[in-house]
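Q: could you work out the structure for the sequence below:
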Amino acid sequence: PIKELVEILSLEFIILWNAILLKKRVLIYNDNNEKILELIQLLPLLCSHRNDYSILRPIATSDSDIIDDLSTIGVYIAGTTDLNLTNDVDLYDVLISYTDRSITVSPQAVSSMKMCSIHRDIASSIVDLKSDNEILSVIAKKTNNVLNQLKSLNSGSKLTEDAIRSSSSNESTQLWLIRLANAEGLL
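A: Prediction:
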């Protein structure tokens with residue numbers, strides 16, 4: 001399913017990785033429950049260093065209890081066959097539609113999802129891989145490299161934004177690394 005998603009989204013697959021890494025709200029729409037369940041259970045592996053399956057909401061509907069849960073949990077990967085949920089841009093940061101073969105970043109999440117050269121590097125390194133295992137392995141390795149680079153900036157006490165800013169001359173890379181450090185609880 002991961003390879004299939006890479007084929008569907010191509011280089012834009014990296015938006016999904018970025019969303020999960022930065023602890024965004026991800027909604028996946030498909031008219032087939034089995035496809036949703038098959039994919040949803042694998043998506044936490046895009047951030048295998050966290051091993052967090054508590055964020056999964058395999059089948060979300062318009063039921064008010066489920067909407068309340070999604071509104072309060074803050075970070076989730078939810079699947080749905082309910083087309084109405086895809087129309088509520090306040091409900092998600094990133095929407096993946098299997099039906100439309102598309103990925104959409106909601107207007108309120110655009111600024112916090114800006115990417116940099118790290119994303120281009122990872123996207124180009126996975127797009128031609130042949131299997132889920134290869135893709136997940138490369139993503140895990142590159143994610144760990146970035147996290148280890150961030151952790152190495154820690155000068156004895158807590159990591160600081162200044163340390164991150166001094167590690168790169170590229171402003172978009174600095175800002176993304178700061179967002180990542182926040183998501184990882186390093187700042």
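
Q: can you name the residues that contact the nearest residue to Leu83 once chain neighbours are set aside?
A: Spatial nearest neighbour of Leu83, excluding adjacent residues (C-beta to C-beta, 6 or more residues apart in numbering): Tyr29 at 7.0 Å. The C-beta positions use only the backbone N, C-alpha and C, and glycine is treated the same way. By C-beta atoms under 8 Å, 6 or more residues apart in numbering, the residues touching Tyr29 are Gly79, Thr80, Thr81, Leu83, Leu85, Thr86, Leu95, Ile96, Ser97, Tyr98, Thr99.

Q: just the ones of these in strands?
A: Counted as lying in strands by DSSP state E, out of the contacts of Tyr29, are Gly79, Thr80, Leu95, Ile96, Ser97.

Q: out of the residues you listed, which are buried?
A: Buried members of the ones in strands among the contacts of Tyr29, counted by 16 or more other C-beta atoms under 10 Å: Gly79, Thr80, Leu95, Ile96, Ser97.

Q: going by distance to Gln149, which of the residues you listed wins?
A: Using C-beta to C-beta, the shortest approach to Gln149 within those belongs to Ile96, at 28.4 Å.

Q: surely that closest one meets Arg25?
A: No. Using C-beta atoms under 8 Å as the test, Ile96 is too far from Arg25 to be in contact (11.9 Å).

Q: what's in contact with the longest helix anywhere in the chain?
A: Criterion DSSP state H: the longest helix present in the chain is helix 132-152. The contact list for helix 132-152 (C-beta under 8 Å, 6+ apart) reads 1-3, 6, 17, 21, 42, 45-49, 118, 121-122, 125-126, 129, 159, 164, 167, 177, 180-181, 184, 186.

Q: name the nearest residue to Ile36, sequence neighbours excluded.
A: The shortest distance from Ile36 to any residue that is not its chain neighbour, by C-beta to C-beta, 6+ apart, is 3.5 Å, and that residue is Gly79.

Q: beta partners of that neighbour?
A: As for beta bridges, Gly79 partners with Ile28 under DSSP bridges.

Q: can you give me the buried ones in stretch 41-49?
A: Going by 16+ other C-beta under 10 Å, stretch 41-49 has these buried residues: Leu43, Pro44, Leu45, Leu46, Cys47.

Q: same question for the nearest residue to the first one once chain neighbours are set aside, what's its three-state structure.
A: Nearest residue to Leu43, sequence neighbours excluded (C-beta to C-beta, 6+ apart): Ile77, at 5.1 Å. Recorded secondary structure, Ile77: strand (DSSP: H, G, I helix; E, B strand; the rest coil).
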